[in-house]
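> Structural data only, the sequence is not supplied:
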């Protein structure tokens, strides 16, 4: 975060700048290595209250079918077997609580819905930037991550792939948001 920006200056309603944001994941493959991927289509918004961060909120909708790992066969398998994107087109996150940890770090708790199953998660976020953008107005940048057990949401694949891909998946968020009011 720029040293001249106070949290109180961040107050307002924001929309994700999807061209500058990334929603991704990392999963360990049991034969060694990691599978990294991202979702190409998503949208979100947030209300930031810099004076009282506990009154802030955020929501995110990710199109499950937009998953990309740079392997078309694996991507199709993830869309159909793991995420069942035809029946459950969106992965949703709706915040329920925001807690400030220190000057630039926050815990955002909310309901994560995958494959129609909703469970609470807490994402660790860090405010990494806040500045006036000549093209878009005022922009804030956050990085966040949370590790989940995909099986808690019914994301299992078939018997052979379920054994090859670790149950724990780290979700990663690199967010740029533009203030709209």
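Cool, the structure landed. Please read all numbers here as calculations on a predicted model, not as lab measurements.

> by contact count, what packs against the strand of greatest length in the chain?
Across the chain, the strand with the greatest residue count (assigned by DSSP state E) is strand 117-133. For strand 117-133, the helices and strands in contact under the criterion 3 or more CB pairs under 8 Å, 6 or more residues apart in numbering; DSSP states H and E are strand 90-100, strand 105-114, strand 137-149, strand 165-179. For the C-beta atoms, the positions are set from N, CA and C on the backbone; glycine is no exception.

> for it, which positions count as buried?
Neighbour-count burial for strand 117-133 flags 121, 123, 125, 127, 130 (criterion: 16 or more other CB atoms under 10 Å).

> Distance to residue 56 and pLDDT added to those residues, as JSON lines?
Formatted as JSON lines, the buried residues of strand 117-133 follow (distance: CB to CB, whole Å; pLDDT from 0 to 100):
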{"residue": "121", "distance to residue 56": "17", "pLDDT": "98"}
{"residue": "123", "distance to residue 56": "13", "pLDDT": "98"}
{"residue": "125", "distance to residue 56": "10", "pLDDT": "98"}
{"residue": "127", "distance to residue 56": "11", "pLDDT": "96"}
{"residue": "130", "distance to residue 56": "14", "pLDDT": "94"}
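
> isn't residue 181 right next to residue 13, touching?
Yes. Between residue 181 and residue 13 there is a contact under CB atoms under 8 Å: 4.8 Å.

> re the thing from before, what angle sits between the longest strand of the chain and strand 137-149?
150 degrees (axes from the mean of the first three to the mean of the last three CA atoms, to 10 degrees).

> So in that sheet, which strands flank strand 117-133, and in what orientation?
Note on strand 117-133: by DSSP bridges, its sheet partners are strand 105-114 (antiparallel), strand 137-149 (antiparallel).

> Of all these, which one comes closest to residue 26?
Judged by CB to CB, the one of the strands paired with strand 117-133 that comes nearest to residue 26 is strand 137-149, at 9.0 Å.

> returning to that earlier point: may I see the strands paired with strand 117-133 organised as TSV, with mean pLDDT and mean neighbour count added?
Output for the strands paired with strand 117-133, formatted as TSV (pLDDT from 0 to 100; neighbours: other CB atoms under 10 Å):
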stretch	mean pLDDT	mean neighbour count
strand 105-114	98	18
strand 137-149	96	17
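
> give me every residue that touches residue 145.
With contact set as CB atoms under 8 Å, 6 or more residues apart in numbering, residue 145 has these partners: 123, 124, 170, 171, 172, 173.

> try 10 Å
24, 25, 26, 123, 124, 125, 126, 170, 171, 172, 173, 174 (CB atoms under 10 Å, 6 or more residues apart in numbering).

> Same check on residue 141?
1, 17, 20-21, 126-131, 174-177.

> Now with 7 Å, please.
Residue 141 is in contact with 128, 129, 175, 176, counting by CB atoms under 7 Å, 6 or more residues apart in numbering.
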